[in-house]
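Engineer: need a 3D model of the sequence below.
(one chain, ligands or ions: 1)
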Amino acid sequence: MASYIGPWRSPAQGHLNNDGNGDSKTDYTRWRLVNEEGRQTWRYLETDEENEAWPQTIADKYNLGLPTGLPELSEAKTPLQAAENGLSFFSHLQLEPGNWGCEYGGPMFLLPGLLITWYVTNTPIPPEYATEIKRYLFARQHPEDGGWGLHIEAHSSVFGTAMNYVALRIVGVSEDDPRMIKARGLLHKFGGAIYGPHWAKAWLSILGVMEWEGVNPVPPEIWLLPDWVPFAPWRWWIHIRQVFLPLSYIWSKKWSFPLNDFTRQLREELYTQPYNTINFANHRNSIHPADNYYPKTWLLNGINELLVRIWNPFLRINAISKRAEDWTWELIRMEDENTDYAGLGPVNNPLNMVACFIHDGPDSYSVRRHRERLNDYMWMKHEGMLANGTNGVQVWDTTFVTQAVSVAGFADDPKWRPMLLKALEFIDDHQLRENVPDQEKCYRQHRKGAWPFSTKTQGYTVSDCTAEGLRSTIQLQEMHNFPKLISLDRLKDSVDCLLLMQNPTGGFTEYETTRASPKVEWLNAAEVFGGIMIGYDYPECTTASVTALSLFSKFYPDYRADEIRAAKEKAVAYIKRAQRKDGSWYGSWGICFTYAAMFALESLASVGETYETSENSRRGCEFLIAKQQADGGWGESYLSSEKHVYVQHEKSQVVQTAWACLALMEAHYPHKEPLERGMKLLMSRQQRNGEWLQESIEGVFNQSCMISYPNYKFYWPIRALGLYSKRFGNEELQ
Ligand SMILES: CC(C)=CCC[C@@H](C)[C@H]1CC[C@@]2(C)[C@@H]3CC[C@H]4C(C)(C)[C@@H](O)CC[C@@]45C[C@@]35CC[C@]12C
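Structural biologist: Here you go, the predicted structure:
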């Protein structure tokens, strides 16, 4: 049977080991994380000379799961000693430009999209990548049923199984491999790939193993709607519109990779009946219940019917389609140029590459630059190679590390100053200094003064990243006397930027102000994600903005004082409205109620509302106290995010214990005993070299998809342990 042999250079056979499952494994001592001004890529050193000349760093070893050789530390007897031991370990993981790096995996639909893109654009996949991608995907296959889900902890679905099956075939795994037989068996039990959601169908059509008739319409003409139309696409949530954009271009062209032996073979594997006998048009709306997290509305189904049965065959006018394609292409080009082809994220970027391949041709600059840039999304870990959810977590992590050191009381200790100075330099380097050219034309939010989530190259404003960048800078420069690398004017720019991000409701969205009514959610075609069509108010983004603005006004009370006061008042009113009857807040970006409680209670405290003075603060604390487990810890399942109710995790989690304790301490919760028990749990899970081990997944997006924040297990416990000692003294716990 045919199987795909990629256009790769021959595998570096001498460097392949066996991973114990019969699969080959690269030599992990040859991998290096290259970090050029925050741009992170992994390199495999082919020759022994190179390998000797360029030793692995501790961070390389740690990220790869190799022994770091870091020593055992003297046993921590107090929370402060535990915080210091934690920082001691974590400081070794700082990278040369001053940031911290980490995996940002979790979603199981990113890597297949990248692989399909590489395949259809004839991009060589380095053999060491292929070997490690194989290992990662098999490591993440559910052993019970052979499938994959939406994210690493999710139940198997058609989306996860069909896409990852294809991914493994692209990297050269035989269809006769017993694990593939099992996966295919499950896929067939689900009814085959025709029961996948919209995005799966679109990717498979691009690869040429599904027909475009099976994909609900993605008409580029919608981009020609005047801007005043309440549901015009520029008003949609940024990730959805930036994915819809290249997809609409590709859909309009009905572009598919030309059939070859490999894709012909895949067509036989993905379905339960011969490919030529499938009426794909009848399956546009076929979706397995395992994938149907958010069923499409009758309105969207009705629109799709009209588009397919009337508009497409009879009313679609070539001249208008051409204008729409030209305009979508112009927007794709602007996104690529504004991000130096790094893109907003790991779904729109590969799709943009396919669009460039179609428009500019295989050897164009745009395709070549995308080819280089897609590597920015790849990450190596002990299980193999995966695709990250962004091109890194650089700014976000670095700001929280500096804050943890400050809150824990270590920032004035000369021992930590070189580390902090480098971190400040990184934060300085990645503040966004200019708006993008033609900001209005490409519908971008103001960004001068903002901080992004990852790097300045990606360059998208994120409200809470801006807030945290501002906060870290003020802490280091004003409270701990670090050099003023970031001028007051630049701090003012970031405040201006934040103020521009507030919605009339008082709340803050993450990337942009809300541009449309929640009714646009009726047009959500994704099926696997909820709350994705517009930018909503988020408690985390709002509370982080309030906390940062409060700190800014403390040091610079005269700058836009009335506007900041008014913005904070409106924001606090929103935070109180968003609080549920039981005292909790639903967290959208971390799991879940525990995460939101930390940001909410801290922001209330920043405006003087604490347990003693505020009913909202009190209710927030009581909610958390009721969730503390017998072992002193807190643990919340990712199912909270999906179900919108608190779901207890079977085991207390270090990260959530730190969040809950920080929330209570920031709110000045008056009883020490629950906090002491929380500290004991954090200390009991710490290893002798100061590290904490990975537990369950920490982050989420779109309510259903989980995403990893591995550095949370370091800086949140350090911050909590340190703050505890500040509040209650440096005594041994009984
Ligand atoms: C196109 C789709 C549906 C998937 C691609 C993934 C992205 C939607 C998300 C991957 C990273 C996210 C989660 C990103 C990460 C940081 C958060 C945050 C913690 C700063 C949060 O407080 C505000 C929102 C975030 C920016 C995020 C939004 C969604 C992602 C880009």
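Engineer: pull out the buried positions in stretch 421-437.
Structural biologist: 422-432, 435-436 (16 or more other C-beta atoms under 10 Å). From N, CA and C alone the C-beta is placed, and that goes for glycine too.
Engineer: typo on my end, it should be stretch 598-610
Structural biologist: Met598, Phe599, Ala600, Leu601, Glu602, Ser603, Leu604, Ala605, Ser606, Val607, Glu609, Thr610.
Engineer: quick one, what contacts the residue in the stretch 251-400 of the chain positioned nearest to the ligand?
Structural biologist: Relative to the ligand, the nearest point of the stretch 251-400 of the chain is Gly389 (3.7 Å; C-beta to the nearest ligand atom). By C-beta atoms under 8 Å, 6 or more residues apart in numbering, the contact set of Gly389 is Tyr104, Gly105, Gly106, Pro107, Leu110, Gly345, Pro346, Phe701, Ile707.
Engineer: so which of those residues reach the ligand?
Structural biologist: Gly345, Phe701, Ile707 (C-beta under 6 Å from any ligand atom).
Engineer: next, count neighbours for the residue nearest to the second one when sequence neighbours are not counted.
Structural biologist: On the basis of C-beta to C-beta, 6 or more residues apart in numbering, the spatially nearest residue to Phe701 that is not a chain neighbour turns out to be Ile707, at 6.1 Å. Other residues lying near Ile707 total 24 when counted by other C-beta atoms under 10 Å.
Engineer: any idea how far Ile707 is from Lys456?
Structural biologist: Using C-beta to C-beta, to the nearest Å, Ile707 is found at 22 Å from Lys456.
Engineer: residues in the stretch 451-600 of the chain within reach of the ligand, list them.
Structural biologist: Residues of the stretch 451-600 of the chain lying near the ligand (C-beta under 6 Å from any ligand atom): Phe453, Val462, Asp464, Cys465, Glu510, Phe529, Glu540, Cys541, Trp589.
Engineer: the first one: neighbour count?
Structural biologist: Using other C-beta under 10 Å, Phe453 is surrounded by 24 other residues.
Engineer: do the same with the second one
Structural biologist: Taking other C-beta under 10 Å as the criterion, the count of residues near Val462 is 26.
Engineer: that one touches Ala450, doesn't it?
Structural biologist: Yes: counting by C-beta atoms under 8 Å, Val462 touches Ala450, with 7.3 Å between them.
Engineer: so which bits of this structure are right by the ligand?
Structural biologist: 239, 243, 345, 347, 389-390, 396, 453, 462, 464-465, 510, 529, 540-541, 589, 701-702, 707.
Engineer: per-residue confidence averaged over the helix or strand hosting Asn349?
Structural biologist: Here Asn349 sits within helix 348-360, counting by DSSP states H and E. For helix 348-360, mean pLDDT is 98.
Engineer: chain center to the helix or strand that that helix is followed by, what's the gap?
Structural biologist: Downstream of helix 348-360, the next assigned helix or strand under DSSP H and E is helix 365-374. Mean-position distance between helix 365-374 and its chain equals 22 Å (C-alpha atoms, centre = their mean, to the nearest Å).
Engineer: got the buried residues for helix 365-374?
Structural biologist: Neighbour-count burial for helix 365-374, counted by 16+ other C-beta under 10 Å, picks out Ser366, Val367, Arg369, His370, Arg371, Arg373, Leu374.
Engineer: residues near Asp489, how many?
Structural biologist: 8.
Engineer: give the burial count for the residue lying closest to Pro350 once chain neighbours are set aside, as a bare number.
Structural biologist: Nearest residue to Pro350, sequence neighbours excluded (C-beta to C-beta, 6+ apart): Thr117, at 3.7 Å. Around Thr117 there are 23 other residues, counting by other C-beta under 10 Å.
Engineer: what of the one 10 residues further on?
Structural biologist: By the other C-beta under 10 Å criterion, the neighbourhood of Pro127 contains 22 residues.
Engineer: so the residue nearest to the spatial centre of the chain is in which element?
Structural biologist: When the chain is reduced to its mean C-alpha position, the closest residue under C-alpha atoms, centre = their mean turns out to be Gly389, at 4.1 Å. Under DSSP H and E, no helix or strand contains Gly389.
Engineer: pLDDT score for it?
Structural biologist: 97.
Engineer: any low-confidence regions in the stretch 1-150 of the chain?
Structural biologist: In the predicted model of the stretch 1-150 of the chain, residues 1-16, 20-21 satisfy pLDDT under 70.
Engineer: one more: the chain?
Structural biologist: 1-16, 20-21.
Engineer: and stretch 218-226, how far from the chain's centre?
Structural biologist: 28 Å.
Engineer: meant to ask about stretch 698-706
Structural biologist: 9 Å.
Engineer: what's in contact with it?
Structural biologist: 106-107, 150-154, 293-294, 389, 528-532, 587-592, 638, 641-642, 644, 655, 697, 707-709, 712-713.
Engineer: start and end of that stretch, how far apart?
Structural biologist: Its first and final residues considered, stretch 698-706 spans 7 Å by C-alpha to C-alpha, to the nearest Å.
Engineer: before we move on, back to that, the residues of the chain next to the ligand in helices, which ones?
Structural biologist: Under the assignment DSSP state H, these contribute His239, Val243, Trp396, Asp464, Cys465, Glu540, Cys541 to helices.
Engineer: for the fourth one, give its distance to Ser545.
Structural biologist: Distance check for Asp464 against Ser545: by C-beta to C-beta, it reads 7 Å.
Engineer: repeat for the third one
Structural biologist: From Trp396 over to Ser545 the distance is 15 Å, taken as C-beta to C-beta.
Engineer: more neighbours: those two, which one.
Structural biologist: For Trp396 versus Ser545, the count of surrounding residues by other C-beta under 10 Å is larger for Ser545: 28 against 24.
Engineer: I figured the more buried one hits Glu510, correct?
Structural biologist: No: here Ser545 does not reach Glu510: they are 10.7 Å apart, not a contact under C-beta under 8 Å.
Engineer: list residues touching both of these two?
Structural biologist: Ser463, Asp464.
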